[in-house]
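Novice: Quick check, what structure comes out for this input:
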Amino acid sequence: MIRLDNLTKVFDTPKGAVTAADHINMEVPAGEICILLGPSGCGKTTTLKMINRIVRPTSGKVFINGEDTTGLNTQELRRNIGYVIQQIGLFPNMTIEDNITVVPKLLGWDKAKYRERARELMDMIALDPDAFLKRYPNELSGGQQQRIGVARALAADPPVMLMDEPFGAIDPINRAVIQDEFLKMQQALNKTIMFVSHDIDEAIKMGDRVAIFRAGRLEQYSTPDELLANPKDEFVESFLGEDRALKRLNLVKVRDVVSDEIGTVSPSDTLETALARIDDFGYQNAILVVNDRRQPVGLISRSQARTTKGYCRDHFQNVPATVSLDDDLRKVASLMFSNDITWLPCVDEAGRVCGQITQRAMTHHLGSRFRPTEPAATAEPATKE
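Specialist: From the prediction side, this is the model:
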């Protein structure tokens, strides 16, 4: 959907020419989010702004859906590209409805259509249209204004969106909420998005692909998983941080690591049976008690099974936690650490036990991706796993 061909920008300054973006070559497939990441002054925002011609390229070309945009009228180009910035940029003298519908009005939409579009978008960003559409920007919180900025960018249903640190000024709690809502929207909208960020965790969470910039050049362009596992050079590795293996916990789901081999007992089984099952699954120090619907109801520990007689129904302890197939490994690790355990049962949507995840399996899975391989390509990212 977006292709940059040797895109270059040189600024003339009193001290001479400064190359802000140096022959940038990259492609963003339709429906994906590409995060531009790097230290201040590295060229990521300049690259973004050259796409909608806020900054005019010195040389090179921008292709959108295969079309060279060089000959397009600037206004026409921008009306087909949604643009969201950190400062939001809402018009203070306009209502929220008027702010959202600016571009549809310019495109000649009839009143009923653009007003319905505004209500639809308010629902999408989780703000009540009846409560907010007639308000003015100064009556909204910063986080609410940022959501309106996103809605305005989506109003004319553009195929491409450019976002310049759109959530950077929002506090961490609200930022996480808006990020999650935006990702849910993206699943339905399937936009092609280029997104400037300074936050590595945000890039890993939101990006299908990540482009690392350094001094105007594109250092590495790959999926978050590939980037964390195989940084191209020392600069990329240091920029990602020493905890890059831990960062990958956000990318891996329980379903990628879960084992369907899990020992269980029923409430009517004896503690002697429970001890034998624990021995069969030697890396566990406890066995899961499940009811007749295979839902977890408790745990029998090894020490308890050794020293006590009777039935499991009379002696089980509470299950400290369970995880679902769609949880990420960061949540799993947090639950394991907080409960001082090395395994957790996994349940399906109906709450039935469908397997288990162990600390050992997590370590093995993560470690297998960090074995040295050939350096990642600069311009041709690997496909997302």
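Novice: which residues touch Leu288?
Specialist: Ile262, Gly263, Thr264, Val265, Pro296, Gly298, Leu299, Val319, Pro345, Val353 (Cβ atoms under 8 Å, 6 or more residues apart in numbering). Where you see a C-beta, it was placed from the backbone N, CA and C, and this is true even at glycine.
Novice: for Arg293, that is, sorry about that
Specialist: So Arg293 contacts Ala350, Arg352 (Cβ under 8 Å, 6+ apart).
Novice: sec struct for it, please.
Specialist: Classification of Arg293 using DSSP: H, G, I helix; E, B strand; the rest coil returns coil.
Novice: Over to it: give its phi and psi.
Specialist: Arg293 has phi and psi values of phi -100, psi 10 when expressed as degrees, to the nearest 10.
Novice: could you measure it against Lys309, distance?
Specialist: 27 Å (Cβ to Cβ, to the nearest Å).
Novice: Tell me where the stretch 201-350 of the chain has strands.
Specialist: 209-214, 217-222, 264-265, 286-290, 296-301, 323-324, 343-347 (DSSP state E, counting those that start in this stretch).
Novice: Residues contacting the last one, please?
Specialist: Meaning strand 343-347. Strand 343-347 is contacted from outside by 254, 258, 262, 283-284, 288, 295-296, 319, 321-325, 332, 335-336, 353-359, using Cβ under 8 Å, 6+ apart.
Novice: now, which of the residues you listed lie within helices?
Specialist: Using DSSP state H, the members of the contacts of strand 343-347 that fall in helices are Val332, Leu335, Met336, Gln359.
Novice: Number of residues surrounding the residue lying closest to Asp233 once chain neighbours are set aside?
Specialist: Nearest-residue entry for Asp233: Glu219, 7.1 Å, with adjacent residues in sequence omitted and distances by Cβ to Cβ, 6 or more residues apart in numbering. Glu219 sits with 20 neighbouring residues when counted by other Cβ atoms under 10 Å.
Novice: Widest-spaced pair of the ones in helices among the contacts of strand 343-347?
Specialist: Within those, Leu335 and Gln359 form the most distant pair, 10.9 Å apart (Cβ to Cβ).
Novice: how distant is whichever strand or helix holds Asp98 from the center of its chain?
Specialist: Here Asp98 sits within helix 96-100, counting by DSSP states H and E. Taking Cα atoms, centre = their mean, to the nearest Å, the mean C-alpha location of helix 96-100 is offset from the chain mean by 28 Å.
Novice: Give the other helices and strands that it contacts.
Specialist: Judged by 3 or more Cβ pairs under 8 Å, 6 or more residues apart in numbering; DSSP states H and E, helix 96-100 is in contact with helix 111-124, helix 142-154.
Novice: count of neighbours near Arg244?
Specialist: 18.
Novice: Now for the residue nearest to Asp233: which residues touch it?
Specialist: Per Cβ under 8 Å, 6+ apart, neighbours of Glu219: Gly38, Ile212, Phe213, Lys232, Asp233, Phe235, Val236, Thr378.
Novice: Out of those, list just those in helices.
Specialist: Phe235, Val236.
Novice: Which one of the contacts of Glu219 sits in the busiest neighbourhood?
Specialist: Ranking the contacts of Glu219 using other Cβ under 10 Å puts Ile212 first, with 29 neighbours.
Novice: Give me the distance between that one and Ile148.
Specialist: Plainly put, Ile212 is 31 Å away from Ile148 if you go by Cβ to Cβ.
Novice: Equivalent analysis for Asp292, please.
Specialist: Look at Asp292 and Ile148: by Cβ to Cβ, they are 51 Å apart.
Novice: now do Gln179
Specialist: Here Gln179 is placed at a distance of 16 Å from Ile148 (Cβ to Cβ).
Novice: SS state for the closest residue to Asp68 other than its chain neighbours?
Specialist: Closest residue to Asp68 apart from its sequence neighbours, by Cβ to Cβ, 6+ apart: Lys61 at 5.6 Å. Under three-state DSSP, Lys61 falls in the strand class.
Novice: which residues touch Lys61?
Specialist: By Cβ under 8 Å, 6+ apart, the neighbours of Lys61 are Leu4, Asp5, Asn6, Leu7, Asp68, Thr69, Thr70.
Novice: residues touching the nearest residue to the third one once chain neighbours are set aside, list them.
Specialist: Taking Cβ to Cβ, 6+ apart, and ignoring the residues beside it in sequence, Asn6 has Gly60 as its nearest neighbour in space, at 4.1 Å. Neighbour list for Gly60: Leu4, Asp5, Asn6, Leu7, Thr8, His23, Ile24 [criterion: Cβ under 8 Å, 6+ apart].
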